[in-house]
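Novice: just to be clear, the model below is a prediction. Sequence and coordinates:
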Amino acid sequence: PNMATDMDVDEVGPSPPDIQRLYDLDPYLKPFDKEIKRRYKCYLEVLDHINQHEGGLEKFSRGYEYFGIHVTEEGGVVMREWAPGAEALYLMGDFNGWNKTSHPFTKLPFGKWELVLPPKHDGSCPLDHTSKYKIVVKDKKGHLLERICPWARYVIPSKETKIYEATFWNPSEKYVFRHPRPELPRSLRIYESHVGISSWEGKVADYKHFAHNVIPRIKKQGYNCIQLMAIMEHAYYASFGYQVTSFYAASSRYGHPDDLKLLIDMAHREGLLVFLDVVHSHASKNVLDGLNEFDGTNACFFHQGGRGNHDLWDSRCFDYTNWEVLRFLLSNLRWWMEEYQFDGFRFDGVTSMLYHSHGIAHGFSGDLGEYFGLPTDTESVTYLTLANHMVHELYPNCITVAEEVSGMPALCRPVSEGGNGFDFRLGMAIPDKWIKILKELKDEDWNVGDIVHTLINRRHGEKTIAYAESHDQALVGDKTLAFWLMDAEMYTNMSCVSEMTVTIDRGLALHKMIRLITHGLGGEGWLNFIGNEFGHPEWLDFPRIGNNDSYHYARRQWNLVDDDLLRYKFLNNFDRDMNLTENHFGWLAAKQAYVSCKHEGDKVVVFERGGCVFVFNFHPHQSYTDYRIGCDLPGKYKIVLDTDDPAYGGHSRLDHSTDFFTAPIEHDKRANSVQVYMPARVGFILAKKEDN
């Protein structure tokens, strides 16, 4: 049955129990009270239905224990599928010599099908470990169509056709996790990673390589969370993992399922959380090795007609009102939490889900009315709210992050307040601003007020992950921040024995300053994309026809940062100490910063957060002596981080032994102030030192 979530629900049901908290936080949402309550009612209706008819969310979200292929207690297998549009279903594979019709399924109610295979004569499983199998669907016209099991847990491409095939994964020994999930850290510092590009060699790296070689780097750099992209199986490598073909299979191009479990186990041993980049916003159009047309119709998992297609991404859109689609997607989240012990999710493409337009050519002015009208897709909103409610109910420490660009209010407030239940959203406007500045403005034309506005322009009480650049900015057609700053000179002038040119000097200085001001001011969490911590050059491009299947840009050149004679080490050192300094002071977990100074002429920004005073002079050549800055707390301050430190490729213009004593002179609306020396293109942090 489809769930009714029409726009015309007049009678308002029960209010979210904590809705007043939402209005206390943002009184401007009060005029949309009726719509907020209507959405909550739609969510409650689905939840109540699940509780009444499915025995609750906990049971409903274990679809993977019922559907797909399972070994029975007797040693045989049972297989169940949902294919409402099919006339008949068959199983074929290595076990029956690929006979298309010898093993038919039995039809069950509600479009479900079941097949039981007894054990072999010797009592062993009828399907051998790693043997291949396919589903054959007989459609309404009598055609026999080859399909892949939607619940397949391991799929590998055929050597002949390159089409992915379901592979029976049934090892004699199951992987046993040795390390529990770590406790949640005070602040979130995320290392966004892609396993395949994580080697310096021109090849697809594997889970074991990442576990043994990259995790130690991540730990050393002061990150406490790994976000893994491109894990859900995707037939097309160059899709960066965003055209998912098998939702329950960890990508086999990096190894088998137990290798991913080892990776996560080793991360947990180091105290690192691991997030999955989960794609529930759309699915690959592939028919033979994807979900598309699974039952021989254009519907099944997806909407029929235009609503079932995503024009920009050339992919299929899920029908979130369909009972079995809800089961499939909610169970998918459970699967990654239970089977692989992930700690949270980054939900991809949330803006695309929230609006009927998918956000295509939809400019958002910030007018609240834009979020609470007909453009919003209630059914998707209901699914996201349900998903967040479920994972937080079953896994209280699970963290969810929304990739969302429109600024939907209450997206990151609890469901009990009428919100959608995400913990964080990505601060997607920040990297766009930095790229725009570097592309279009001369250094002397930087508008520090505009930069500060972009960094603090977020919804109060809704947490944001700040980042200066992510995988989006590194993709072909764009380039990394370091490459925007230093471009071709990175090929010739990054050696410590070569001259420190104006371009490299500026590039190193601004790379550190951009990252530090974003880290300090931009959010309640921090994200870095693999390699950008040391200023990875160039861009990212996967092997494809357009580049002769080259891996040259689909790798991470660790050799650059490991070479003591190259200047990449300076950026790497700074990134590590920035994270470790945050770990000590906890500014990401502190309340929003107080910006006391943004001086356009001087290009100076000063703000306080987490007991620290952040000072930035973005002027390209003007240094300032005895520059008075305001600070709230009186006392003695010392420099605790300085972009101009020689360990970071700086010029050592600041004396770290200096004691800075405040005076009770009011300045920039702060009760106390202190005078500092501010060299050009330098950022530094002052923190109070108690004499002890």
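Specialist: In hand now; what should we look at? This is a predicted model, so every value here is computed, not measured.
Novice: low-confidence stretches in the protein?
Specialist: In the predicted model of the chain, residues 1-12, 476, 691-692 satisfy pLDDT under 70.
Novice: centroid residue for it?
Specialist: By CA atoms, centre = their mean, the mean C-alpha position of the chain lies nearest to residue 346, the distance being 3.5 Å.
Novice: and it, how close does it get to residue 307?
Specialist: To residue 307, residue 346 is 25 Å away according to CB to CB, to the nearest Å. All C-beta atoms are positioned from the backbone trio N, CA, C, and that covers glycine.
Novice: try residue 527
Specialist: Using CB to CB, one gets 33 Å for the distance from residue 527 to residue 307.
Novice: could you do residue 416 as well?
Specialist: 31 Å.
Novice: so the two - more neighbours on which side?
Specialist: A direct count of neighbours by other CB atoms under 10 Å for residue 416 and residue 307 places residue 416 higher, at 15 against 12.
Novice: show me the contacts for the residue nearest to that one when sequence neighbours are not counted.
Specialist: Using CB to CB, 6 or more residues apart in numbering and skipping the chain neighbours, the partner closest in space to residue 416 is residue 18 (4.4 Å). Contacts of residue 18 were listed using CB atoms under 8 Å, 6 or more residues apart in numbering, and they are 414, 416, 417.
Novice: residues contacting the first one?
Specialist: Think residue 414. 18, 421.
Novice: same check on the second one?
Specialist: When the contact criterion is CB under 8 Å, 6+ apart, the partners of residue 416 are 16, 17, 18.
Novice: nearest to residue 58, of these?
Specialist: Nearest to residue 58 among the contacts of residue 416 is residue 17, at 21.1 Å by CB to CB.
Novice: which non-adjacent residue is nearest the closest one?
Specialist: That would be residue 416: by CB to CB, 6+ apart, it lies 5.3 Å from residue 17.
Novice: surely that neighbour is within a strand?
Specialist: No: assessed by DSSP: H, G, I helix; E, B strand; the rest coil, residue 416 does not belong to a strand; its assignment is helix.
Novice: that one and residue 176, how far apart?
Specialist: Relative to residue 176, and taking CB to CB, residue 416 is found at 37 Å.
Novice: returning to what we had before: Throw the contacts of residue 18 into CSV and include distance to residue 235, thanks.
Specialist: CSV is the format used below for the contacts of residue 18 (distance: CB to CB, whole Å):
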residue, distance to residue 235
414, 38
416, 40
417, 41
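Novice: that's a strand at residue 192, yeah?
Specialist: Yes: assessed with three-state DSSP, residue 192 lies in a strand.
Novice: and it, how many neighbours does it have?
Specialist: Counted with other CB under 10 Å, the burial measure for residue 192 works out to 23 neighbours.
Novice: surely it and residue 229 touch.
Specialist: Yes: the criterion here is CB atoms under 8 Å, and residue 192 meets it with residue 229 at 6.8 Å.
Novice: kindly list the longest helix within this structure.
Specialist: helix 33-54 (DSSP state H).
Novice: give me the helices and strands touching that one, please.
Specialist: helix 19-25, helix 57-60, helix 378-394 (3 or more CB pairs under 8 Å, 6 or more residues apart in numbering; DSSP states H and E).
Novice: show me what it is in contact with.
Specialist: Outside helix 33-54, the residues that reach it (CB under 8 Å, 6+ apart) are 3-5, 9, 12-16, 19, 22-23, 29, 56-57, 60, 326, 372-373, 378, 381-382, 385-386, 389, 410, 415, 418.
Novice: out of the residues you listed, which are buried?
Specialist: By neighbour count, with 16 or more other CB atoms under 10 Å, the contacts of helix 33-54 hold 3, 5, 9, 16, 19, 22, 29, 57, 60, 326, 372, 378, 381-382, 385-386, 389, 410, 415, 418 as buried.
Novice: hmm, back to that, tell me which strands the strand or helix carrying the residue nearest to the centre of the chain pairs with, and in which orientation.
Specialist: For residue 346, the host element (DSSP states H and E) is strand 344-347. Its sheet considered, strand 344-347 pairs with strand 273-278 (parallel), strand 399-402 (parallel) by DSSP bridges.
Novice: follow-up on the earlier one: quick check: beta-bridge partners of the residue nearest to the centre of the chain?
Specialist: Going by DSSP bridges, residue 346 forms beta bridges with residue 277, residue 401.
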